[in-house]
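K.L.:
Model the structure of this input:
(one chain, ligands or ions: 2)
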Amino acid sequence: MTLYRATVMDTPRDPLAEGPDALQADADAGLLVRDGVICARGPFAAVAAAHPEEEVVDLRAGVLLPGFVDTHVHYPQLRIIGGLGRPLLDWLTTCALPEEARLADAAYAATVAREFVDGVVRAGTTTALVFGSHFPGATDALFAAAEAVGLRMTAGLVVSDRFLPDALLTTPDAALAHSTALLEKWHGRGRLRYAITPRFSLSTSDAMLDACAEVLGAREDVWFTSHLNENPTEIEEVRRLFPGAGHYLDSYDQHGLVTSRSVMAHNVHPTAHELEVLASSGAAVAHCPTSNSSLGSGLFPLAAHLDAGVRVALGTDVGAGSGFCLLKEGLQAYFVQRLLGPHGVDLGPAALLHLATRAGALALGLADEVGDLAVGKQFDAVWVRPQPGTTLDVVLRHGADATDTLAKIFTLGTPSDIAVVWVAGRAVTGPSAPVPPPLPLEAA
Ligand SMILES: Nc1nc2[nH]cnc2c(=O)[nH]1
Ligand SMILES: [Zn+2]
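P.N.:
Numbering: from 1, shown residues only. Ligands and ions are numbered 1, 2, ... in the order given. From the prediction side, this is the model:
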């Protein structure tokens, strides 16, 4: 067993529903971890007195937070982060899809998979819902890389049968066969799960969405993810392609793909009826604010989602998003709501922490295991410990209170301020993390 001594902050209750007091902030707390699970939490002196023989890890020089949960990120897009200045469909054609085609090369895909998982955990993400590749071998490499590092990951083969370059297309039969094979190999293995992943309605026929529904229907515990209502031109095209659908969400819903195990990315331009359907089905929305800002997709109507009772969490949407760190997404979510003026939601630091952690765990059906640092949860955690002398280090020493400290972490924090990341009690970054084999200098 290990006894961690730290300032601990988490949000087992929802500050958006209950107000900023829902922030749980414990100065000089003791967290006792056995077999990766938190088995005691309280004032350090009390926990230490009850367990005098345990090894103590002193983390008082920083702040301990729950591991971040990224509910929307694309593995094949790591190397094209930074493609600024284009709207969605132009960006896809120019930046994303040519790079995604390169993952046909198994060696290239394996290298990118390792770079991706490494980048994700270094940013403090311990749980992620990941868009895989259009290629089964490359998606297999992603699962293997996540397993090697220990990332808690839900992912799947991305499937499409129209609109994209030929190299990225498949048929409904092949999609069914390859998805099923990957699902059978990886779903439920350690911390890995499978998600059915049609790219978006624009690139999938009704027959392909039927194939997706067949895989989803075969298992109770498999997940579904796709894109929704991101950009006005995209929405118009979907309307044209699915004349029988009442709206964009309906193009999925008509195939039984909108359930409490569905996570829909973006939803920047929803109709009232779509919000009703999302709420009544229990589906969640992955809000990706740096992506929405970079592509000029729009200002996310968070208030409308919350008023309708739709579950919302955060996603980085790399490579349209600007990096893997949920701290930056939290800050950008805050900015977007500010820019909405009276229509924006007042996102305080506690709400940002909730969106970056427990809200994601709830969206992924994992809130009994992760998302906060309560007794009984997995020890998935990040230790925010900036290098001495950095601006974050300086301002953290002058935080007025816990909320102010958290505000400073979201405002200034970057992956380089995250000193250690644990998944299920095991360090996956930091000094005691296993050293992965070196990457080749040049991709094959
Ligand atoms: N942001 C984003 N939207 C998409 N819609 C379909 N594919 C994508 C993608 O790769 N990124
Ligand atoms: Zn996306």
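K.L.:
So which bits of this structure are right by ligand 1?
P.N.:
By CB under 6 Å from any ligand atom, the residues of the chain that approach ligand 1 are His74, Leu88, Leu92, Ala96, Arg199, Phe200, His227, Glu230, Ser291, Asp317, Ala320. Where you see a C-beta, it was placed from the backbone N, CA and C, and this is true even at glycine.
K.L.:
Up against ligand 2, what does the chain have?
P.N.:
Within the chain, the positions adjacent to ligand 2 are Ala265, Asp317 by CB under 5 Å from the ion.
K.L.:
did I read that right, Thr225 in a strand?
P.N.:
Yes. Assigned with DSSP: H, G, I helix; E, B strand; the rest coil, Thr225 falls within a strand.
K.L.:
In strands, which of the residues of the chain next to ligand 1 appear?
P.N.:
His74, His227 (DSSP state E).
K.L.:
Tell me the predicted confidence for the spatially most central residue of the chain.
P.N.:
Centrality entry for the chain: nearest residue to the mean C-alpha point is Asp70, 1.2 Å, by CA atoms, centre = their mean. Looking at Asp70, its pLDDT reads 99.
K.L.:
Number the residues from 315 up from this point.
P.N.:
With 315 as the first residue, the last one maps to Asp384.
K.L.:
which SS state does it fall under?
P.N.:
strand.
K.L.:
What sits closest to the residue of the stretch 565-714 of the chain found nearest ligand 1 if chain neighbours are left out?
P.N.:
Ranked by CB to the nearest ligand atom, the top residue of the stretch 565-714 of the chain for proximity to ligand 1 is Ala634, at 4.0 Å. With sequence-adjacent residues excluded and distances taken as CB to CB, 6 or more residues apart in numbering, Ala634 is closest to Ser605, at 4.0 Å.
K.L.:
The one you found touches Gly637, doesn't it?
P.N.:
No. Between Ser605 and Gly637 there is no contact under CB atoms under 8 Å: 10.7 Å.
K.L.:
between the two, who's got more neighbours?
P.N.:
Taking other CB atoms under 10 Å, Ser605 and Gly637 do not tie; Ser605 has more neighbours (29 against 18).
K.L.:
residue contacts, the more buried one?
P.N.:
By CB atoms under 8 Å, 6 or more residues apart in numbering, Ser605 lies in contact with His580, Ser611, Gly629, Thr630, Asp631, Ala634, Gly635, Ser636.
K.L.:
burial measure for the third one, as a count.
P.N.:
A count of nearby residues for Gly629, using other CB under 10 Å, gives 30.
K.L.:
Check the fourth one too.
P.N.:
The number of residues packed around Thr630, counting by other CB under 10 Å, is 31.
K.L.:
what about the helices in the stretch 415-564 of the chain?
P.N.:
420-436, 450-463, 486-500, 520-532, 546-555, 562-567 (DSSP state H, counting those that start in this stretch).
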